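Asks: Got a sequence here, can you build the structure:
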Amino acid sequence: MSIAAYPALRLRRTRAAEWSRRMHAETVLTPADLIWPLFITGGEGEEPVAALPGVSRWSMSGLVERAREARDLGIPCLALFPNTPADLRSELGEESFNPDNLMCRAIATIKDAVPEVGLLTDVALDPYTSHGHDGLVDDRGYVMNDATAEQLVRQALAQARAGADIIAPSDMMDGRIGLIRDALEADGHHNVQIMAYAAKYASGFYGPFRDAVGSRGLLKGDKKTYQMNPANAEEALREVALDLSEGADSVMVKPGLPYLDIILRVKTAFEVPVFAYQVSGEYAMIEAAAAVGAGDRDGLVLETLMAFKRAGCTGVLTYHAAHAARLLGA
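Replies: Purely as a prediction, here's the structure:
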């Protein structure tokens with residue numbers, strides 16, 4: 001390709017004025033690109049999460065307020081995560097498919113009050129198990145794939161029956177997408193989407209989230225036998241291919257910023273909707289940097305979110321969703 005040389009070509013010409021920078025922008029970020037994760041508590045009011053400044057667990061009434069806020073800001077979807085009380089956690093995580101659990105009550109409550117906002121629900125056992133793993137463990141401490149997948153199907157059905165719009169399995173068990181899709185179809189939930197956590201890495205960035213859902217300190221061992229090795233990229237493509245073949249409508253890469261290369265490779269290879277989760281550790285780092293004056297909070301938030309879009313994301317789960325939407329709407 002032949003292009004002009006300087007001074008006939010001055011690339012700064014199109015950057016000289018704000019209107020021109022907007023007109024030549026290759027990537028656009030809007031509130032519709034954001035999904036807002038919210039934590040659920042069975043208590044009253046608001047419970048701030050110490051490890052995540054500015055993030056709280058919300059009671060049912062607080063969730064409704066946040067849903068109305070999301071609607072007014074143009075955020076299309078909320079992602080829900082319960083903080084299950086210790087006395088309801090068990091080795092088998094039976095509370096996960098209780099139709100009256102925190103998650104199902106939250107779904108029904110929000111849908112009754114703000115039906116126009118989409119709800120994405122987490123499918124995994126770690127908020128419900130006494131050992132903190134995403135699945136059922138054998139007597140050696142190994143997470144059992146097929147037995148866990150059966151439990152996840154029951155959990156997914158409970159959430160769909162409560163009114164969930166998107167089922168998001170985050171457990172990384174093999175084959176669970178196909179089983180959940182078949183169960184949803186058989187139960188009449190033909191329009192319930194599945195967003196598969198297809199490439200979820202065994203990351204050091206999840207710590208504050210575990211505080212928020214009450215699983216920190218419970219985990220025995222680690223999750224490296226089911227979450228992906230951060231060294232692997234080709235394996236991510238195989239995971240995505242498997243989940244799409246089983247009926248996933250969209251896929252997710254988690255965490256976000258350390259895996260922008262994976263996002264780009266997935267988007268290029270499959271040309272399907274790809275989402276990223278800007279996880280709790282990423283959020284906490286931005287907040288910590290802003291708190292000590294190492295960077296402008298607004299600028300850091302928008303620049304990182306733009307990076308996801310530029311890499312090929314359809315949307316981003318971020319705890320900064322409401323703040324970013326206000327900035328974008330200003």
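Asks: By mean pLDDT, which helix or strand of the protein comes out lowest?
Replies: Across the helices and strands of the chain, mean confidence by mean pLDDT, DSSP states H and E is lowest for helix 207-212: a mean of 82.
Asks: who's in contact with the helix or strand following it?
Replies: Per DSSP states H and E, helix 207-212 leads on to helix 234-245 as the next helix or strand towards the C-terminus. Applying C-beta atoms under 8 Å, 6 or more residues apart in numbering, the external contacts of helix 234-245 come out as 174, 177-178, 196, 198-199, 228-229, 251, 253, 262, 265-266, 269-270, 272. Yep, even glycine has a C-beta here, placed from its N, CA and C like the rest.
Asks: buried residues in helix 234-245?
Replies: 236-237, 239-240, 242-244 (16 or more other C-beta atoms under 10 Å).
Asks: for this structure, longest helix please?
Replies: Using DSSP state H, we find that the single longest helix of the chain is helix 145-162.
Asks: Tell me which other helices or strands it touches.
Replies: Here helix 145-162 touches helix 102-113, strand 118-123, strand 166-169, helix 176-186, going by 3 or more C-beta pairs under 8 Å, 6 or more residues apart in numbering; DSSP states H and E.
Asks: Show me what the longest one is packed up against.
Replies: Judged by 3+ C-beta pairs under 8 Å, 6+ apart, helix 102-113 is in contact with strand 34-40, helix 60-73, strand 77-82, strand 118-123, helix 145-162.
Asks: chain center to that helix: distance?
Replies: 18 Å (C-alpha atoms, centre = their mean, to the nearest Å).
Asks: and the angle from it to helix 60-73?
Replies: On the basis of axes from the mean of the first three to the mean of the last three C-alpha atoms, to 10 degrees, helix 102-113 is oriented at 50 degrees to helix 60-73.
Asks: Buried residues, helix 102-113. List them.
Replies: Applying 16+ other C-beta under 10 Å to helix 102-113 flags 102-111 as buried.
Asks: Present these as CSV; the columns should include pLDDT.
Replies: Below are these laid out as CSV (pLDDT from 0 to 100):
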residue, pLDDT
102, 97
103, 98
104, 98
105, 98
106, 98
107, 98
108, 98
109, 98
110, 98
111, 98
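Asks: wait, which of those residues is closest to residue 7?
Replies: residue 110 (58.2 Å; C-beta to C-beta).
Asks: how close does that closest one get to residue 78?
Replies: For residue 110, the distance to residue 78 (C-beta to C-beta, to the nearest Å) stands at 7 Å.
Asks: same thing with residue 136?
Replies: Taking C-beta to C-beta, one finds residue 136 at 28 Å from residue 78.
Asks: Check residue 283 too.
Replies: From residue 283 to residue 78 the distance is 16 Å (C-beta to C-beta).
Asks: Render the CA-only coordinates of stretch 126-145 in CSV, please.
Replies: Written as CSV, here are the backbone C-alpha positions of stretch 126-145 (Å, rounded to 0.1, in the frame of the first residue of the first chain):
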residue,chain,number,x,y,z
ASP,A,126,-18.5,-21.3,45.1
PRO,A,127,-21.0,-18.9,46.7
TYR,A,128,-22.8,-21.9,48.2
THR,A,129,-20.1,-24.4,49.2
SER,A,130,-18.5,-24.5,52.6
HIS,A,131,-15.1,-25.3,51.0
GLY,A,132,-15.2,-22.4,48.5
HIS,A,133,-14.8,-24.4,45.3
ASP,A,134,-16.9,-23.9,42.2
GLY,A,135,-18.0,-27.6,42.3
LEU,A,136,-18.3,-30.8,44.3
VAL,A,137,-15.1,-32.2,45.7
ASP,A,138,-14.2,-35.9,46.2
ASP,A,139,-12.3,-37.3,49.3
ARG,A,140,-9.0,-36.2,47.7
GLY,A,141,-10.1,-32.6,47.3
TYR,A,142,-10.5,-32.9,43.5
VAL,A,143,-13.4,-31.0,41.9
MET,A,144,-15.6,-33.6,40.2
ASN,A,145,-16.6,-32.5,36.7
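Asks: same question for it, mean pLDDT?
Replies: For stretch 126-145, the mean pLDDT works out to 95.
Asks: Each with direction, which strands does the helix or strand where residue 317 lies pair with?
Replies: Using DSSP H and E, residue 317 maps to strand 315-318. Within its sheet, strand 315-318 is paired with strand 34-40 (parallel), strand 274-278 (parallel), according to DSSP bridges.
Asks: list the buried ones in it?
Replies: For strand 315-318, by 16+ other C-beta under 10 Å, it's 315-318.
Asks: picking that back up, which one of the contacts of helix 234-245 is nearest to residue 122?
Replies: Looking across the contacts of helix 234-245 and measuring by C-beta to C-beta, the closest to residue 122 is residue 196, at 12.1 Å.
Asks: For the helix or strand hosting that closest one, which helices and strands make contact with it?
Replies: For residue 196, the element it lies in under DSSP H and E is strand 193-200. Counting contacts by 3+ C-beta pairs under 8 Å, 6+ apart, strand 193-200 packs against strand 166-169, helix 176-186, helix 234-245, strand 250-254, helix 260-270.
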